[in-house]
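**Student:** Structure of the sequence below:
(chains A and B)
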2 protein chains.
Amino acid sequence: MAEMVRGAQLSRVENTLQAAIVRALFAVDGAVSRAHLASTLGVGRSAVNTEIRRLVALGLVEEAGFGESRGGRRSHLLQIPRRAGFVAAVDLGATSVDVALTSLASDVLAHAAVDAEIGDGPEATLERVGELVDRLVDEQGLDRDDLRAAGVGVPGPVEHVTGRVVAPPIMPGWNDFPVRDAVSERLGCPAFVDNDVNVMALGEHARGAGRSVEHLAFVKVGTGIGVGVIVNGQLVRGADGCAGDLGHVCIDPDGLVCTCGNRGCLEAHAGGAAIARAGEESARSGSAPLLAATLEQKGALDAADVGFAASHGDLEALSILRDRARLIGLTLATLVSLLNPSLIVIGGGVARTGDAFLAEIRTAIYRRTLPLATRNLPIVTSELGADAGVVGASVLAARGFVLGGVA
Amino acid sequence: MAEMVRGAQLSRVENTLQAAIVRALFAVDGAVSRAHLASTLGVGRSAVNTEIRRLVALGLVEEAGFGESRGGRRSHLLQIPRRAGFVAAVDLGATSVDVALTSLASDVLAHAAVDAEIGDGPEATLERVGELVDRLVDEQGLDRDDLRAAGVGVPGPVEHVTGRVVAPPIMPGWNDFPVRDAVSERLGCPAFVDNDVNVMALGEHARGAGRSVEHLAFVKVGTGIGVGVIVNGQLVRGADGCAGDLGHVCIDPDGLVCTCGNRGCLEAHAGGAAIARAGEESARSGSAPLLAATLEQKGALDAADVGFAASHGDLEALSILRDRARLIGLTLATLVSLLNPSLIVIGGGVARTGDAFLAEIRTAIYRRTLPLATRNLPIVTSELGADAGVVGASVLAARGFVLGGVA
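**Tutor:** Numbering: from 1, shown residues only, chains lettered A, B, ... in the order given. Below is the predicted model of the structure:
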């Protein structure tokens, strides 16, 4: 194991020009020519060719067929390796563990998921991750020595420098736990850890709706509400790794008490639990027959039940969703004023409850921002859907591994 | 003139390693050794030495005395040039034109200001700028051929790619005007243009309270309210150049009508005009004797009058300022939740009205954010004060000139 880690660390980029080449290849999500790279980077062809030879030898870049000829010799195109080495991508949810194996370019090779309570604590959870990785590696007939890196998304704040979880509200037993080091030891490869919403933003930016977008906000609306922000092509983690805390923005100083202890947080008013609670109230009041039937059958409602009722003609359920979407949209309007993003992507379970939800978010954002910031601003649903977490974890791992250590 | 522009363009960095070296030197705001640069960039000494020789020949880096010996030969330290070439830095305000000449490292060599209405339009305003630059160049005995670049901050949104002003609310006659090209032609050097608050944030980041800070929010509280955001060491301009529009964040959907046409914008409630109006109302009501005396004497009040009264014992004036500071602080709490900055700097005329204003902003931010985001968050007043605009314009010009064209 120790040998593999050492080998892995050796095959990172060696200098800033190599890093720039690899960054350019990650950014295009496809194959490009040497001439294109040289012109993009403003560097001479011979310098680029020298570093590309090294990168190919290190296994960090591979040749990918021929480009079109412009009269001279046809040249090999280059890409992030699809065939050499693989990555373990892990998405830890409140009640699930998702694991995928992917190429360094984040193509999913295999994917498995199990139910698991995050509250079982780090040791039990990460052992489950290890077993899933082992199983997938065996099933795919992969060589364990080709595992280059692991990426992990967790439902709480992560201190980026140390890879530790810090003061997570919904991860009992995980506070200050060194997730990065524990995963690295269990899997025998470098590991990279970040907040789940940041990880989804990375995935959507690299391989989803946000491809080639410079300024992206990925909003997750589930039990919790958060945003992963990409600015100038880079993820915004902030000073303590807790940027993107959309759920605890105050929308009403005299509002509902939140799990965080403050009053009037967006999440307390518009998160999955708030939607479920409003749905149960409507069911009990008799104004929402479909919700009432579901409540009688299941004993409790969740946000998905409200979404189902809304999309099957229950006007009260529709109104519950619209009211919450409006609150989220008004809060996102502030984000738009501050950051002027090129694209907003809405993901997470509640976002999948239907078109009315997205429409209401759009309306609220457009109403409360200046035209200059929204004239070209698409607001769309996640392209990766439920895969955003593992694809993003793969992107986190691949970039961290390849570019790690060089600014 | 054409020759000088051509010469200037030639002396930009030639490749990504040169760009990385220059970026590292801009970041330290001082002199560093070759060995330090090589280790910071993760590149071999000989590659760094080769590029440094080129950069010195191009006039983009200069030697700056000897570093401490570690047993071997003492080596020259390196820095952004203090002695070769200069920059014209321009801060256009609503009622003033500030011009400074600085070194490429943004040391101010000379500074002049005149009253001028921005509403006189671009031709008249930029002619005043040209005359001020000519005068300062003559007074300082500088060689016009050594003018490397010009930086301009304007009180409105700027389309970064073209350097045009776009839909500016307080710059009548400037809409779509190509400021960058006009300044470049008048002064005969490359020009770089940005929004005034962005420019101040750059200045505070490079040479003020935000030195070596990765995530900075510079808040300007004056007639308008805006924020310049630096994330991962880079300015956030957004998709259309209108990021940082703090003044038009909605704080009350049923609030006052703003100049932008929406209701309840922060600026409508807490900007300089709102403070002045509240001061006049208090003066007329008889509850603020000092304000009343000033109003009688001047016929109208501005925010500075309210600040003066507050710091001289007028409790009503103090209360006006505190109420507005609280609104600004609550809005900044949202920014803190979204971006988790390392530092907030408060600048602009209203911020200079006294300590009570800053204290109230601090209290509101700390009260409405999670402890993880604020446990290490200093909230301070601008170190550059009224010079933030010209210093920032110099930083914009120097970096744009030296690094322009290379990603």
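
**Student:** rest of the way, CA atoms for contacts and neighbours
**Tutor:** Will do.

**Student:** residue nearest the centroid of chain A?
**Tutor:** A:M200 (0.9 Å; Cα atoms, centre = their mean).

**Student:** which stretches of the stretch 1-150 of chain A form strands?
**Tutor:** For the stretch 1-150 of chain A, the strands defined by DSSP state E, counting those that start in this stretch occupy A:62-66, A:76-79, A:86-92, A:96-103, A:108-115, A:147-154.

**Student:** Compile those into TSV and extend it with columns for distance to chain B, mean pLDDT and mean neighbour count.
**Tutor:** Formatted as TSV, those follow (distance: least, Cα to the nearest Cα, whole Å; pLDDT from 0 to 100; neighbours: other Cα atoms under 10 Å in any protein chain shown):
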stretch	distance to chain B	mean pLDDT	mean neighbour count
strand A:62-66	22	84	17
strand A:76-79	20	88	20
strand A:86-92	22	96	30
strand A:96-103	26	96	24
strand A:108-115	30	95	15
strand A:147-154	17	96	29
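
**Student:** Tell me which helix or strand the closest residue to A:T369 other than its chain neighbours sits in.
**Tutor:** In this structure, A:T369 finds its nearest non-sequential neighbour in A:A333, 5.9 Å apart by Cα to Cα, 6 or more residues apart in numbering or on different chains. A:A333 is located in helix A:315-339, with elements delineated by DSSP states H and E.

**Student:** For the stretch 301-407 of chain A, which residues are neighbours of chain B?
**Tutor:** A:333-342, A:368-370, A:372-373, A:405-407 (Cα under 8 Å from any Cα of the partner chain).

**Student:** what about 7 Å?
**Tutor:** A:334, A:337-342, A:373, A:406-407 (Cα under 7 Å from any Cα of the partner chain).

**Student:** Can you flag the buried ones in these?
**Tutor:** The neighbour-count criterion (16 or more other Cα atoms under 10 Å in any protein chain shown) marks A:334, A:337-342, A:373, A:406 among those as buried.

**Student:** now stretch A:255-265: how far from the chain's centre is it?
**Tutor:** 26 Å (Cα atoms, centre = their mean, to the nearest Å).

**Student:** Could you do stretch A:163-172 as well?
**Tutor:** That offset, for stretch A:163-172, works out to 17 Å (Cα atoms, centre = their mean).

**Student:** ok, the nearest residue in space to A:I365 that is not next to it in sequence to B:A239 distance?
**Tutor:** Excluding its sequence neighbours, the residue lying closest to A:I365 (Cα to Cα, 6+ apart) is A:A333, at 4.7 Å. Distance, A:A333 to B:A239, using Cα to Cα, to the nearest Å: 15 Å.

**Student:** re the thing from before, I'd guessed the residue nearest to A:T369 sits against A:R367; true?
**Tutor:** No. Assessed by Cα atoms under 7 Å, A:A333 is found out of contact with A:R367, at 8.4 Å.

**Student:** Which of these two has more residues huddled nearby?
**Tutor:** Between A:A333 and A:R367, A:A333 has the larger neighbour count (other Cα atoms under 10 Å in any protein chain shown), namely 27 against 14.

**Student:** where does chain A have low pLDDT?
**Tutor:** A:1-11, A:68-74, A:405-407 (pLDDT under 70).

**Student:** can we see that at 80?
**Tutor:** For chain A, the stretches with pLDDT under 80 are A:1-11, A:16, A:29-30, A:42-44, A:66-75, A:83-84, A:169, A:352-354, A:404-407.

**Student:** tell me which element the residue nearest to the centre of chain A falls in.
**Tutor:** helix A:196-207.

**Student:** what packs against that helix?
**Tutor:** The helices and strands touching helix A:196-207, judged by 3 or more Cα pairs under 7 Å, 6 or more residues apart in numbering or on different chains; DSSP states H and E, are strand A:147-154, strand A:225-231, helix A:388-403.

**Student:** those strands in the stretch 251-400 of chain A, which residues are they?
**Tutor:** Counting by DSSP E, counting those that start in this stretch, the strands of the stretch 251-400 of chain A are A:343-347, A:379-381.

**Student:** Surely A:S106 and A:L396 touch.
**Tutor:** No. In this structure, A:S106 is not within contact of A:L396 by Cα under 7 Å, at 9.6 Å.
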